[in-house]
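**Student:** Need a 3D model of the following:
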Amino acid sequence: MPLEEKPAKAEIIDAAETPERKLDNPNGSAEVLDINGTDRLMLTGKIKSLKIGSVNGEAVIDATRLEAEEIILAGSLNGSTSIKLNTSGGKVRIVRQVGGAVRLSIHAPGGEVLFAGEEDAGLTGGSMIDVTAKRLDIQCLMNGGTKLDATLATGGSLRTGLMDGGAAVRYKPASGNDSDLQIETGELRGGASVKAAK
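**Tutor:** Next comes the predicted model:
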């Protein structure tokens with residue numbers, strides 16, 4: 001009876017030691033350790049699954065030239081960090097808080113972006129978020145003046161949860177018109193709004 005193959009260990013990336021990393025494992029996984037201070041990390045190549053820890057301070061992650069099927073932001077994002085992610089048709093999941101003056105850009109034109117509704121998740125503190133996706137689902141609280149601009153593929157969908165404190169979502173179609181999109185909004189409080197971009 002053949003032995004079952006053990007799943008390969010994730011490739012570990014430490015931005016403090018390796019500011020640039022080319023990944024070449026379309027069936028493998030990689031994990032970025034917590035990034036703090038002014039560390040910068042550029043990722044290129046191909047990977048099946050990418051997991052990113054906490055990003056704090058003025059740290060920068062640029063993964064615009066990395067193609068991944070799945071990206072998980074597993075840690076919190078704080079400070080004035082800048083994070084740019086790319087997956088043409090895959091999934092991006094953000095499971096912790098995005099706070100402070102974070103700049104988060106996600107390019108997933110045929111994919112799905114989920115801001116999960118875990119207990120300690122949330123979008124707050126004036127963060128600026130830019131998402132291109134087929135489906136965008138914001139399950140967590142969005143408040144504190146956070147702004148999110150969404151560009152949705154034809155036939156795409158947007159769903160928001162509870163929004164408060166001047167939080168704003170602006171959406172537009174990548175092509176066609178607004179009637180091609182499915183928009184579902186949760187409760188809006190404190191001047192929060194979900195509107196088509198002008």
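
**Student:** so where do the strands sit in the chain?
**Tutor:** Under the criterion DSSP state E, the chain carries strands at the ranges 11-13, 20-32, 40-52, 60-73, 82-86, 91-94, 97-98, 103-115, 122-123, 128-138, 147-160, 168-173, 182-184, 193-196.

**Student:** so where is the chain shaky, pLDDT-wise?
**Tutor:** Within the chain, the segments meeting pLDDT under 70 span 1-7.

**Student:** List the beta-bridge partners for residue 49.
**Tutor:** Residue 49 forms beta bridges with residue 29, residue 70, as assigned by DSSP bridges.

**Student:** What about residue 193, how many residues nearby?
**Tutor:** 12 (other CB atoms under 10 Å). Every residue, glycine included, has its C-beta placed from N, CA and C.

**Student:** partner residues bridging the closest residue in space to residue 192 that isn't next to it in sequence?
**Tutor:** Spatial nearest neighbour of residue 192, chain neighbours left out: residue 163 (3.6 Å); criterion: CB to CB, 6 or more residues apart in numbering. Under DSSP bridges, the beta-bridge partners of residue 163 are residue 142, residue 188.

**Student:** Residue 163 contacts residue 140, doesn't it?
**Tutor:** No: using CB atoms under 8 Å, residue 163 makes no contact with residue 140, being 10.2 Å away.

**Student:** quick one: the residue nearest to residue 192 from residue 115, how far?
**Tutor:** Distance of residue 163 to residue 115, computed by CB to CB, to the nearest Å: 12 Å.

**Student:** Residue 161 now?
**Tutor:** Counting by CB to CB - residue 161 and residue 115 are separated by 8 Å.

**Student:** so what sits against both of these two?
**Tutor:** 138-140, 142 (CB atoms under 8 Å, 6 or more residues apart in numbering).

**Student:** out of everything not next to it in sequence, what's closest to residue 139?
**Tutor:** Nearest non-adjacent residue to residue 139 (CB to CB, 6+ apart): residue 117, at 3.4 Å.

**Student:** about what we covered before: where do the contact lists of residue 163 and residue 115 overlap?
**Tutor:** residue 142.

**Student:** just to revisit the earlier point, in terms of neighbours, single out the busier of residue 161 and residue 115.
**Tutor:** Neighbour count, other CB under 10 Å: between residue 161 and residue 115, residue 115 has more, with 27 against 18.

**Student:** if I look at that one, how far off is residue 102?
**Tutor:** 13 Å.

**Student:** Would you quantify the distance from the nearest residue to residue 52 once chain neighbours are set aside to residue 195?
**Tutor:** Of all residues not flanking residue 52 in the chain, residue 32 sits nearest, at 4.5 Å (CB to CB, 6+ apart). According to CB to CB, residue 32 stands 34 Å off from residue 195.

**Student:** Which one's more surrounded, the two?
**Tutor:** A direct count of neighbours by other CB under 10 Å for residue 32 and residue 195 places residue 32 higher, at 25 against 11.
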